[in-house]
Each structure stands twice: as structure tokens, then as C-alpha cells.
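*Asks:* Could you work out the structure for the sequence below:
(chains A and B)
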Amino acid sequence: EPEVTQTPSHQVTQMGQEVILRCVPISNHLYFYWYRQILGQKVEFLVSFYNNEISEKSEIFDDQFSVERPDGSNFTLKIRSTKLEDSAMYFCASSRENRGGTEAFFGQGTRLTVV
Amino acid sequence: GQNIDQPTEMTATEGAIVQINCTYQTSGFNGLFWYQQHAGEAPTFLSYNVLDGLEEKGRFSSFLSRSKGYSYLLLKELQMKDSASYLCAVRSLNSGGYQKVTFGTGTKLQVIP
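*Replies:* Numbers count the residues shown, from 1 in each chain, chains lettered A, B, ... in the order given. Next up is the predicted model:
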């Protein structure tokens, strides 16, 4: 069964450093998303991406964040100058379409720890 | 903005039925999802409603009333493995027709013997 894969599963970084979280969406999916979940809190939408551009972003997704689809398979989230409060589980998701009952399939997440 | 409310925790007995409620307020409503999330794992899709009424899928059913901004997830014949958080998520479309899915805080269900 096709799945969304994320690497690394766990990333530890020092405050102020840049991190890149990587995702390989399901191959025939066209819509890509990043979510984050701070420990014990709800899943929060960060950004959606379609046709090589951001289609929607939340207020969390400020200039510190950027996304890129550098090739035909990868979808990355870059966090510049990380802060302690960026520590969270980051989930990548993808969906085939943007309508109907087309659900997003989630990757297993990258746990980011900023120290 | 969007607002999604669901109970924080629930406890139910193995073999029983439990109903998890979700109320929401949003503009550009375009569907409601229920996801299951076990601790430390990714959310997994359970159900989708966009029209009023009940959708049944095995032991799980989901109901939607758009006029009331209300949904529930019904779990029958509870099993111990159903102990998880259940996330209500609302999809809305922006002016460009692109979707954003907003999650509620989740309801942590504990199934006891």
C-alpha cells in the first residue's frame, strides 16, 4: 500500500540552527501539506502546496518557514533559525484531489527537538 | 476564523457503544473528517461527511448536520485497541478554491475491560 514517508524520524537541533524536514508524498498525489503537533496539543495546519506553489498557509507559517518541491518526489519544510517553541511533531500529508471525500494521508512524522 | 469543539476525554467499556461529539464554526465549509490517532503516531483517516446524514463504515459511523454545525462519531462493539484520540477535522475552502483542514483538539478515548 502506498504511503507518505518522512525523514528523519527524529531530529535534534540547536536553537538558531536551520533544519530541513523531508517528505516523499504518495506518487500520484497532487496536493501536499505540512502540519505540526506540539506534544499534548492539537494537530495544527501549517501550509498546503499545489502546482509548485503555496495554496494556503496559516498564521503559524511565517517567514521562518518555507516549503519546496525540489524534484518530482520530495516535498520539504525548512525552518530557519529554530526556536525552542518549534519543538513538535511535524506531519507531512498528501491527497490525490482537493474535493469530495479525498482524505489526506499522513506520514509518520518527524519529531523535532530544539535544544 | 474557525472553531472546533470536542470533549477532551471519554471512557467507555469494551463491547459498548460510544458517541464522540464535535461542534464547529467555519466559513467555506467543505466537509468534515474524523481521524484516529494513537499516541506517538500519525492520524489515520476514519470517515468523511459533506452532506447531512449518517455514513456507516463497519463499526464506525459518522453523522453530520451542517445547519447545526455538529457531527458525531459512533463507535460500536468497542475493542481495547480503539483506545486512542479521535480528531474532528473541518475542511474549508479559501477564495481561491484551495482547501485547509483544521483539526479539533481531539477526544482521548479510553476503553476499559
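
*Asks:* is any part of the lowest-mean-pLDDT helix or strand in chain B close to chain A?
*Replies:* Using mean pLDDT, DSSP states H and E, strand B:99-103 stands out as the lowest-scoring helix or strand of chain B, at a mean of 82. Yes: Strand B:99-103 is in contact with chain A by Cβ under 8 Å from any Cβ of the partner chain, via B:99, B:100, B:101, B:102, B:103. Yep, even glycine has a C-beta here, placed from its N, CA and C like the rest.

*Asks:* residues from chain A in reach of chain B?
*Replies:* Within reach of chain B by Cβ under 8 Å from any Cβ, chain A has these residues: A:31, A:33, A:35, A:41-45, A:48, A:50, A:55-56, A:58, A:91, A:98-101, A:103-109.

*Asks:* Of those, which belong to strands?
*Replies:* Within these, residues falling in strands by DSSP state E are A:31, A:33, A:35, A:43-45, A:48, A:50, A:55-56, A:91, A:105-106.

*Asks:* what packs against the least confident helix or strand of chain B?
*Replies:* The contact analysis (3 or more Cβ pairs under 8 Å, 6 or more residues apart in numbering or on different chains; DSSP states H and E) places strand B:99-103 against strand A:31-37, strand A:43-50, strand B:29-37, strand B:84-93.

*Asks:* And chain A, is the last one touching that?
*Replies:* Yes: remark: strand B:84-93 sits within contact range of chain A at B:87, B:89, by Cβ under 8 Å from any Cβ.

*Asks:* Give the pairing partners of that strand; include direction for each.
*Replies:* Here strand B:84-93 is paired, per DSSP bridges, with strand B:29-37 (antiparallel), strand B:99-103 (antiparallel), strand B:107-112 (antiparallel).

*Asks:* Adding mean neighbour count, write these out as a markdown table.
*Replies:* Shown next, in a markdown table, are the strands paired with strand B:84-93 (neighbours: other Cβ atoms under 10 Å in any protein chain shown):
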| stretch | mean neighbour count |
| --- | --- |
| strand B:29-37 | 22 |
| strand B:99-103 | 22 |
| strand B:107-112 | 17 |
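
*Asks:* Reformat these as JSON lines; add distance to residue B:2.
*Replies:* Formatted as JSON lines, these follow (distance: least, Cβ to Cβ, whole Å):
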{"stretch": "strand B:29-37", "distance to residue B:2": "9"}
{"stretch": "strand B:99-103", "distance to residue B:2": "5"}
{"stretch": "strand B:107-112", "distance to residue B:2": "18"}
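
*Asks:* Enumerate the residues of chain B near chain A.
*Replies:* Counting by Cβ under 8 Å from any Cβ, chain B sits next to chain A at B:30-31, B:33, B:37, B:41-45, B:48, B:50, B:87, B:89, B:94, B:96-106.
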